[in-house]
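Chemist: Build me a model from this:
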Amino acid sequence: MLVFKLLILALIVGASSAIGILFSKKYANRENEIRQMKAALNMFATKIKFTYEPIPSLFMEIANKIGGNVGNIFLVSANSMKEKPAGEAWESALITVNNSFTKEDVGVLKSLGKLLGQTDVEGQISEIEAVNEFLNAQLENASEERRKNEKMYRTLGIVTGLTIAIILI
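Modeler: Numbers count the residues shown, from 1 in each chain. Coordinates of the predicted model:
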């Protein structure tokens, strides 16, 4: 009976710790995805400047190189461009692909879609640079939030589990 009780208490502590770690992961994921998006947009700007390839093929190439949620955004967007204009495909991909971006991040990334395929190369490059500047600020913000909240959620999960275990003893 005592072994069974200790096993259940250990499961409670383990489960609450895991929940705390899962909550803390979203901050690290957001920071990582912003970095990946910056890299992808820099690749995109370079490719449209020098290769003059169509946007869907560029997006496919970026999706293959980047991977993860950000790569999926480019992949879904490239596949959607067969039926929709580039801007609409980009916006719908940002919404449908599961990612760790905040609403503010998605809002600015959507603004890139308004000019996607609508302006000349220089106009698109300037819009990508503007979005990249915003992402620099968001990256700083994400790093600060991660430092502040990641440890808190991990500790909170462990402390909650221990508290429940102590109450049940």
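Chemist: Run through the chain and note the low-pLDDT ranges.
Modeler: 117-119 (pLDDT under 70).
Chemist: Would you tell me what helix or strand the spatially closest residue to residue 102 that is not a sequence neighbour is located in?
Modeler: With Cβ to Cβ, 6 or more residues apart in numbering as the criterion, residue 102 has its nearest non-adjacent residue at 7.2 Å, and that residue is residue 30. (Each C-beta comes from the backbone N, C-alpha and C, glycine too.) Using DSSP states H and E, residue 30 maps to helix 2-50.
Chemist: Pull out the buried residues from the next helix or strand after that helix.
Modeler: Going down the chain from helix 2-50, the next helix or strand is helix 55-66, by DSSP H and E. Neighbour-count burial for helix 55-66 flags 55-56, 58-63, 66 (criterion: 16 or more other Cβ atoms under 10 Å).
Chemist: what do you get for stretch 11-21?
Modeler: 12-13, 16-17, 20.
Chemist: go on, stretch 134-147?
Modeler: So, applying 16+ other Cβ under 10 Å, buried residues of stretch 134-147: 134-135, 138-139, 141-143, 146.
Chemist: Counting only helices, which of those residues make the cut?
Modeler: When DSSP state H is applied, the buried residues of stretch 134-147 are split such that 134-135, 138-139, 141-143, 146 fall in helices.
Chemist: Check the secondary structure at residue 83 for me.
Modeler: Following DSSP: H, G, I helix; E, B strand; the rest coil, the label given to residue 83 is coil.
Chemist: Next, the contact list for it, please.
Modeler: Residues counted as contacts of residue 83 (Cβ atoms under 8 Å, 6 or more residues apart in numbering): none.
Chemist: ditto for residue 69
Modeler: Residues near residue 69 by Cβ under 8 Å, 6+ apart: 33, 36, 97-100.
Chemist: Could you rerun that using 10 Å?
Modeler: Applying Cβ atoms under 10 Å, 6 or more residues apart in numbering, we find residue 69 in contact with 29, 32-33, 36-37, 97-101.
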